[in-house]
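Asker: Predicted model, plus sequence, below.
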Amino acid sequence: MPALLLSAFVPPGSIADFADHLVVHDLPGLPDDRRAETVAFAGRRIAHLPSPMKVGVTAVAALVAILGKVVGGARLAALLARHPVPLFGEYVRLVRSLIYAYVWDTWPHTDPTGRPLGGDGGDERP
């Protein structure tokens, strides 16, 4: 129940917004359709976290959303990606791990910038 109450205070899409900014920062070559699919995956996984963990993640996501409105989402994602701040760094690590796992599991022929390798646009799911 606390996760449900706390999620009422988090702006809709704030986790997806942060994940999108983080994907753009970490994988600038990832095509838009793949980026959208990756962000949706991260959002789904975070939405299904166990309640105690979801409370903490939701609280940090709310703070990140507020800070993102003040300094800009892209700027905040870049700052947190480069400088691991306690607590916020764990949030970045969670989102980043979901992003990287999904990209390289779904499209193994992707270069480190996110650009598909090969002449056919990269791998599709097996």
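Answerer: Thanks, I have the structure now.

Asker: Please identify which helix or strand holds the residue nearest the centre of the chain.
Answerer: Centroid-nearest residue in the chain, with CA atoms, centre = their mean: A19, separated by 2.5 Å. Secondary structure from DSSP states H and E places A19 in helix 14-26.

Asker: can I assume the residue nearest to the centre of the chain is in contact with R96?
Answerer: No. Counting by CB atoms under 8 Å, R96 is not a contact partner of A19; they are 9.0 Å apart. Glycine gets a C-beta too; all of them are placed from N, C-alpha and C.

Asker: Can you name every helix or strand that the helix holding A19 contacts?
Answerer: Under the contact definition 3 or more CB pairs under 8 Å, 6 or more residues apart in numbering; DSSP states H and E, helix 14-26 sits against helix 32-47, helix 51-71, helix 73-82, helix 88-106.

Asker: Could the C-alpha coordinates of it be exported in PDB?
Answerer: The C-alpha trace of helix 14-26 is given here as PDB (Å, rounded to 0.1, in the frame of the first residue of the first chain):
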ATOM      1  CA  SER A  14       8.900  10.600 -14.700                       C
ATOM      2  CA  ILE A  15      10.700   7.300 -14.700                       C
ATOM      3  CA  ALA A  16      10.300   6.900 -18.400                       C
ATOM      4  CA  ASP A  17      11.500  10.500 -18.900                       C
ATOM      5  CA  PHE A  18      14.600   9.900 -16.900                       C
ATOM      6  CA  ALA A  19      15.200   6.500 -18.600                       C
ATOM      7  CA  ASP A  20      14.900   8.200 -22.000                       C
ATOM      8  CA  HIS A  21      17.400  10.900 -21.100                       C
ATOM      9  CA  LEU A  22      19.800   8.300 -19.800                       C
ATOM     10  CA  VAL A  23      19.500   6.200 -23.000                       C
ATOM     11  CA  VAL A  24      20.200   9.300 -25.100                       C
ATOM     12  CA  HIS A  25      23.200  10.100 -22.900                       C
ATOM     13  CA  ASP A  26      24.700   6.500 -22.800                       C
END
